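Colleague: Got a predicted model here, sequence first, then my questions.
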Amino acid sequence: MQKPSNKIVETIEESVLWEFEYNRLQSLFEMNQELSRAVRLFANYGISVMEQRFDDMMFYSAKERYEMLLQNRPKVIQNVPLGMIASYLGITQETLSRIRK
């Protein structure tokens, strides 16, 4: 959309982030069809992850979402501050504490 994002990237582990100007990125896609295809596949994957997250928020209780997180990503519970986990689950830290008991 070529507009500034309202998103903030915060990492919990050391990370490498890349920034591209829109026009330079488009030029890269025109020069390299494999890269263009890879980015489309990545975007499709991202859309499916967002759709699953939306469904989870709509159709599962906070306790069920927490249990799914425990089952699918147990390392997250060990490595991420509880405030961030609560935010990810769409609940308060107090509710998360009650669920964990």
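Modeller: Received, thanks. Residues are numbered from 1 along each chain as shown.
Colleague: And residue 93, how far from residue 85?
Modeller: 9 Å (Cβ to Cβ, to the nearest Å). In this view, the C-beta of every residue, glycine as well, is placed from N, C-alpha and C.
Colleague: now do residue 6
Modeller: Using Cβ to Cβ, residue 6 is found at 22 Å from residue 85.
Colleague: Those two: which has the busier surroundings?
Modeller: residue 85 (17 against 5; other Cβ atoms under 10 Å).
Colleague: how close does the closest residue in space to that one that isn't next to it in sequence sit to residue 17?
Modeller: Spatially, and ignoring its direct neighbours in sequence, residue 85 is nearest to residue 96 (6.4 Å; Cβ to Cβ, 6 or more residues apart in numbering). Per Cβ to Cβ, residue 96 is found 28 Å from residue 17.
Colleague: Residue 45 now?
Modeller: 19 Å.
Colleague: Which helix or strand in this protein has the lowest average pLDDT?
Modeller: Of all helical and strand segments in the chain, the minimum by mean pLDDT, DSSP states H and E falls on helix 74-79, at a mean of 90.
Colleague: elements contacting that one?
Modeller: Applying 3 or more Cβ pairs under 8 Å, 6 or more residues apart in numbering; DSSP states H and E, one finds that helix 74-79 contacts helix 62-72.
Colleague: hmm, who's touching the helix it packs on?
Modeller: With Cβ atoms under 8 Å, 6 or more residues apart in numbering as the test, helix 62-72 has contacts from 56-57, 60, 76-77, 85, 88-91, 95-96, 99-100.
Colleague: could you flag which of those are buried?
Modeller: Among those, those classed as buried by 16 or more other Cβ atoms under 10 Å are 85, 89, 91, 96, 99.
Colleague: Report how many residues lie close to the residue nearest to the second one when sequence neighbours are not counted.
Modeller: Same thing as residue 89. Distances taken as Cβ to Cβ, 6+ apart put residue 65 closest to residue 89, at 5.0 Å, once the chain neighbours are dropped. Using other Cβ under 10 Å, residue 65 has 19 other residues around it.
Colleague: What's the separation between residue 65 and residue 9?
Modeller: Per Cβ to Cβ, residue 65 is found 23 Å from residue 9.
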